[in-house]
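Asker: pasting a predicted model and its sequence here:
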Amino acid sequence: MKKPNHFLDLDSFDKSTLRKILNAAARLKKERKKGNLKKYLADKKLAMIFEKPSTRTRVSFEAGIIELGGSAISLNHTDIQLGRGESVADTARVLSRYVDMIMIRCFHHQTLLEMAKNSSIPVINGLTDYSHPCQIMADILTFEERKGDIGKKVITWIGDSNNVTTSWIHAACLLGFEFRISSPETMLPAAEIMRWAEAHGGNAKIYSDMHVALKNSDCIVTDCWLSMGQEENLGETATRKKTEDLKPFQVNEDVMRLAKKDAIFMHCLPAHRGEEVTASVIDGPQSAIWDEAENRLHAQKAVMLWCLGEK
């Protein structure tokens, strides 16, 4: 039996495959703008599993499969046996008999890998605590709409390093752009991820001085200081300390002025105005966040086409 085309992590792809998906996303966006929604995936079914609540992931995947001619089944963790004793492997085997693709948004990356290992249909990473590849595909699409080919450009990450940072690192090494990271010392990417980056071109670098990191940057990216459920896990004292440590890394108008004059700002959302980013930046002329949110739809439509071998 042919191995399914899973979309799990960007580091498992080569540049040409990522380019193929990005080009398809741009084409699909143009077709939609012209009102030409071709039913490339007529009658195909997507199961969407959510351990974490979602706005953009839920709506963009469901709208995307509908626009491609298919349908979606949304499965909250309380709706299925996965959260009540059935193994991930058995869930994957059963869903493989019902639908054509599985998208899963879960806490532990191992859950995603176990799902893919036991599924005979494509599995898509809708987010895990380790990575968020669909977001970065949308981000690159957004960047290139504004600034042209991302190769040789400079993207700077400010604030807490997280799952989104990981996928940016993977993309930088594959697509040839420079990815700078400026985070508190206790919130840097894991050492094994940086070792992977060094072994695959060294395009991701950590900067202790945020001002240096921002110099000549084409894009500034950040994310919320506390991920979903983190306050409960950290506790009040640790949460307060993390917030204090991150205050110098807020993206505001002064920070934006440290990058290129025509630099853009991106954030995967939801944003906490006045914390990791000010409202003046979110709503300002350099912000690309609404295009970025829309492009989740187009990028994921392209991912689904690739998973099912459609052009």
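Answerer: Now that the structure is in, tell me what you want to look at.
Asker: looking at this structure, which helix or strand does the model trust least?
Answerer: Least confident helix or strand, the chain: helix 230-234 with a mean of 59, by mean pLDDT, DSSP states H and E.
Asker: which element follows it toward the C-terminus?
Answerer: helix 236-246 (DSSP states H and E).
Asker: residues touching that next one, excluding its own?
Answerer: Gly159, Asp160, Pro184, Thr186, Met187, Trp225, Leu226, Gln230, Glu231, Leu234, Glu275, Glu276 (C-beta atoms under 8 Å, 6 or more residues apart in numbering). From N, CA and C alone the C-beta is placed, and that goes for glycine too.
Asker: for the second one, what are its contacts?
Answerer: Going back to what we said before, that points to Asp160. Ser183, Pro184, Met187, Asp223, Trp225, Lys242, Leu246, Phe249.
Asker: closest to Pro4 among those residues?
Answerer: Asp223 (30.1 Å; C-beta to C-beta).
Asker: which of the three states applies to the closest residue to that closest one other than its chain neighbours?
Answerer: Of all residues not flanking Asp223 in the chain, Val164 sits nearest, at 5.4 Å (C-beta to C-beta, 6 or more residues apart in numbering). Three-state call for Val164 (DSSP: H, G, I helix; E, B strand; the rest coil): helix.
Asker: ok, Val164 to Gly201 distance?
Answerer: Going from Val164 to Gly201 by C-beta to C-beta, to the nearest Å gives 20 Å.
Asker: quick revisit: now render the contacts of helix 236-246 as CSV, adding distance to Leu41 and secondary structure.
Answerer: Putting the contacts of helix 236-246 into CSV (distance: C-beta to C-beta, whole Å; DSSP: H, G, I helix; E, B strand; the rest coil) gives the following:
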residue, distance to Leu41, secondary structure
Gly159, 37, coil
Asp160, 36, coil
Pro184, 44, coil
Thr186, 44, helix
Met187, 40, helix
Trp225, 38, coil
Leu226, 37, coil
Gln230, 36, helix
Glu231, 39, helix
Leu234, 41, helix
Glu275, 39, coil
Glu276, 36, coil
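Asker: ChimeraX command for the buried members of those residues?
Answerer: Buried residues among the contacts of helix 236-246 (16 or more other C-beta atoms under 10 Å), as a ChimeraX selection:
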select :159,160,187,225,226,275,276
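Asker: what's the helix or strand for the residue positioned nearest the centre of the chain?
Answerer: Central residue of the chain (C-alpha atoms, centre = their mean): Gln135, 2.3 Å from the mean position. Under the criterion of DSSP H and E, Gln135 resides in helix 133-147.
Asker: after that helix comes which helix or strand?
Answerer: Helix 133-147 is succeeded, C-terminally, by strand 154-158 (DSSP H and E).
Asker: how distant is that next one from the center of its chain?
Answerer: Offset of strand 154-158 from its chain centre (C-alpha atoms, centre = their mean, to the nearest Å): 15 Å.
Asker: okay then, goodbye and thanks.
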